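A.B. asks: coords please:
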Amino acid sequence: MSGHSKFANIKHKKEKNDSTKGKIFTKLGREIAVAVKEGGADPNSNSRLKDIIAKAKSNNMPNDTIDRSIKKAAGDANAVNYETVTYEGYGPNGIAIIVEALTDNKNRTAGNVRNAFTKGNGNVGAIGCVSYMFDRKGQIIIDKEECDMKADDLMMLALEAGAEDFAEEEDSFEVLTNPDDFSAVREELEKAKIPMAQADVTMIPQTWTSLSSDQDIKSMNRILDLLDEDDDVQEVWHNWDE
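C.D. replies: Below is the predicted model of the structure:
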């Protein structure tokens, strides 16, 4: 576990995205819309919506923007219906990549994703070609600088709430859960006023792969940048050890 929370990358990504908050909020708005459609507008009875609201707040989405997104999704009978689609493939040197998107046009999204892989010297494969190399887990990242609780106390709190694992990194703590237990663990930490830099159900690589070639690194970043620019793409997971 140690050394793989990728907290430095999370901080870098958040800083980089400060100038593109509108794009992040658009993606979060889609997630809220899907959650409301599937489980209703009350987060107290819709755990998925509650989790997405927490995710939105960790991305500094204002409360009034969150509320407007929920009300719009609940009140607009003609709202766009988004469908979840997943793509799997390979980047340079066999890097495993999983892309999750919310789309109202699968042909458009598939073309954009395939284009991103191609321009980065990768290729899209069949569903299942790389997902077996990942474990689906609830993951909560806590910035040490923001957390006043001692490591042992935090670990006990997380484990008693139902977490599977707890790891201390150089600059952060990582809490892992079974996906089904994620909401309960996150809510217990929230009640204890533990600041969470990231809290989401994610795909954790079982092994990590390095890139030594400058061209491979450039190509991999090209894939990630193009996917990041696509409004349909919600999440990208990979096993590149940056």
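A.B. asks: please count neighbours and contacts with C-alpha atoms only from this point.
C.D. replies: Noted.
A.B. asks: state which strand of the protein is the longest.
C.D. replies: Assignment by DSSP state E gives strand 134-143 as the longest strand of the chain.
A.B. asks: what packs against that one?
C.D. replies: Using 3 or more C-alpha pairs under 8 Å, 6 or more residues apart in numbering; DSSP states H and E as the contact test, the elements touching strand 134-143 are strand 172-177, helix 182-191, strand 198-205.
A.B. asks: between the shortest one and strand 134-143, how many degrees?
C.D. replies: Between the direction of strand 172-177 and that of strand 134-143, the angle (axes from the mean of the first three to the mean of the last three C-alpha atoms, to 10 degrees) works out to 140 degrees.
A.B. asks: quick one: distance of strand 172-177 to the chain centre.
C.D. replies: Distance, stretch centre to chain centre, for strand 172-177: 14 Å (C-alpha atoms, centre = their mean, to the nearest Å).
A.B. asks: ok, stretch 198-215 next?
C.D. replies: Distance, centroid of stretch 198-215 to centroid of chain: 13 Å (C-alpha atoms, centre = their mean).
A.B. asks: one more: stretch 234-242?
C.D. replies: On C-alpha atoms, centre = their mean, the centre of stretch 234-242 falls 10 Å from that of its chain.
A.B. asks: and it, how far apart are its ends?
C.D. replies: 21 Å (C-alpha to C-alpha, to the nearest Å).
A.B. asks: for it, buried residues please.
C.D. replies: Residues 234, 235, 236, 237, 238, 239, 240 are the ones in stretch 234-242 that count as buried (16 or more other C-alpha atoms under 10 Å).
A.B. asks: put together CSV for the residues you listed, with distance to residue 165 on each row.
C.D. replies: Listed next are these as CSV, based on distance: C-alpha to C-alpha, whole Å:
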residue, distance to residue 165
234, 26
235, 23
236, 23
237, 20
238, 21
239, 20
240, 22
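A.B. asks: looking at these, spot the one nearest residue 205.
C.D. replies: Residue 205 has its nearest neighbour among the buried residues of stretch 234-242 in residue 239, at 5.5 Å by C-alpha to C-alpha.
A.B. asks: leaving out chain neighbours, which residue sits closest to the closest one?
C.D. replies: In this structure, residue 239 finds its nearest non-sequential neighbour in residue 208, 4.9 Å apart by C-alpha to C-alpha, 6 or more residues apart in numbering.
A.B. asks: hmm, the one you found is touching residue 242, no?
C.D. replies: No. The criterion here is C-alpha atoms under 8 Å, and residue 208 misses it with residue 242 at 9.2 Å.
A.B. asks: chain center to the longest strand of the chain: distance?
C.D. replies: On C-alpha atoms, centre = their mean, the centre of strand 134-143 falls 9 Å from the chain's centre.
A.B. asks: tell me the strands beside it, with direction?
C.D. replies: Here strand 134-143 has these sheet partners by DSSP bridges: strand 172-177 (antiparallel), strand 198-205 (antiparallel).
A.B. asks: in stretch 116-125, what counts as buried?
C.D. replies: Quick answer for stretch 116-125 (16+ other C-alpha under 10 Å): 116, 117, 118, 120, 121, 122, 123, 124.
A.B. asks: stretch 169-186 now?
C.D. replies: Neighbour counts over stretch 169-186 (16+ other C-alpha under 10 Å) mark 169, 172-178, 181-186 as buried.
A.B. asks: can I get the CA coordinates of it in PDB?
C.D. replies: Taking C-alpha atoms only, stretch 169-186 is exported to PDB below (Å, rounded to 0.1, in the frame of the first residue of the first chain):
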ATOM      1  CA  GLU A 169       2.000   8.200   3.400                       C
ATOM      2  CA  GLU A 170       4.600  11.000   3.500                       C
ATOM      3  CA  ASP A 171       2.000  13.700   3.200                       C
ATOM      4  CA  SER A 172      -1.400  12.000   3.500                       C
ATOM      5  CA  PHE A 173      -3.500   9.200   5.000                       C
ATOM      6  CA  GLU A 174      -5.300   6.700   2.700                       C
ATOM      7  CA  VAL A 175      -8.400   4.900   3.800                       C
ATOM      8  CA  LEU A 176      -9.700   2.000   1.600                       C
ATOM      9  CA  THR A 177     -13.100   0.400   1.800                       C
ATOM     10  CA  ASN A 178     -15.300  -2.100   0.100                       C
ATOM     11  CA  PRO A 179     -17.400  -0.100  -2.400                       C
ATOM     12  CA  ASP A 180     -20.600  -1.100  -0.500                       C
ATOM     13  CA  ASP A 181     -19.200   0.300   2.700                       C
ATOM     14  CA  PHE A 182     -17.800   3.600   1.300                       C
ATOM     15  CA  SER A 183     -20.700   5.800   2.100                       C
ATOM     16  CA  ALA A 184     -20.900   4.700   5.700                       C
ATOM     17  CA  VAL A 185     -17.200   5.200   6.300                       C
ATOM     18  CA  ARG A 186     -17.100   8.600   4.500                       C
END
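A.B. asks: no further questions, thank you.
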